[in-house]
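S.K.: model this:
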Amino acid sequence: MLSTAKPVYHAFGLKIASAVPFLDMPQTEGSPDVTIVYGKTPESLSDAKIKGVRYQAGPGEFLLRVDNVARYYVSNGDHILIERDPDAADEEILLFLMGSAMGALLHQRNILPLHGSAIEDDGE
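M.R.: Residues are numbered from 1 along each chain as shown. Sure thing, here's the model as predicted:
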């Protein structure tokens with residue numbers, strides 16, 4: 001019998017069950033707060049309040065289209081559906097998942113995602 005269980009990772013303060021491997025992210029146990037799966041995404045959002053060239057956003061929904069990579073549908077702050085381009089590399093899928101798609105999911109959960117970095121030069 002094939003297992004449909006997905007690894008559960010701890011990232012962004014959440015437990016995330018993901019069909020996409022999270023490189024170098026710690027795995028954890030327990031019920032996931034977020035599920036990431038592959039499947040067919042909507043072509044467009046029926047209640048989009050904001051529409052850009054590559055994205056649409058509406059109440060509890062976000063749709064991102066990245067040519068030659070994937071389409072990402074984020075809903076209700078707990079689900080990401082990815083429609084993968086057959087020629088896309090795993091690294092490309094992960095790049096937009098961990099950036100724009102996860103940022104949208106965090107916004108839906110009323111969490112402000114911040115990206116930052118620091119450099120130390122001669123102890124300063």
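S.K.: hey, let's count contacts and neighbours off CA atoms from now on
M.R.: OK.
S.K.: so residue 40 touches residue 82, yeah?
M.R.: Yes - at 7.2 Å, residue 40 counts as touching residue 82 under the criterion of CA atoms under 8 Å.
S.K.: which of these two has more neighbours?
M.R.: More crowded of residue 40 and residue 82, by other CA atoms under 10 Å: residue 82, with 26 against 13.
S.K.: give me the phi and psi angles of that one.
M.R.: phi -120, psi 120 (degrees, to the nearest 10).
S.K.: now for it: which residues touch it?
M.R.: 36, 37, 38, 39, 40, 41, 70, 71, 72, 73 (CA atoms under 8 Å, 6 or more residues apart in numbering).
S.K.: next, work out how far apart the closest residue to residue 54 other than its chain neighbours and residue 105 are.
M.R.: Leaving aside its chain neighbours, residue 54 sits nearest to residue 65 (5.2 Å; criterion: CA to CA, 6 or more residues apart in numbering). Residue 65 sits 15 Å away from residue 105, going by CA to CA, to the nearest Å.
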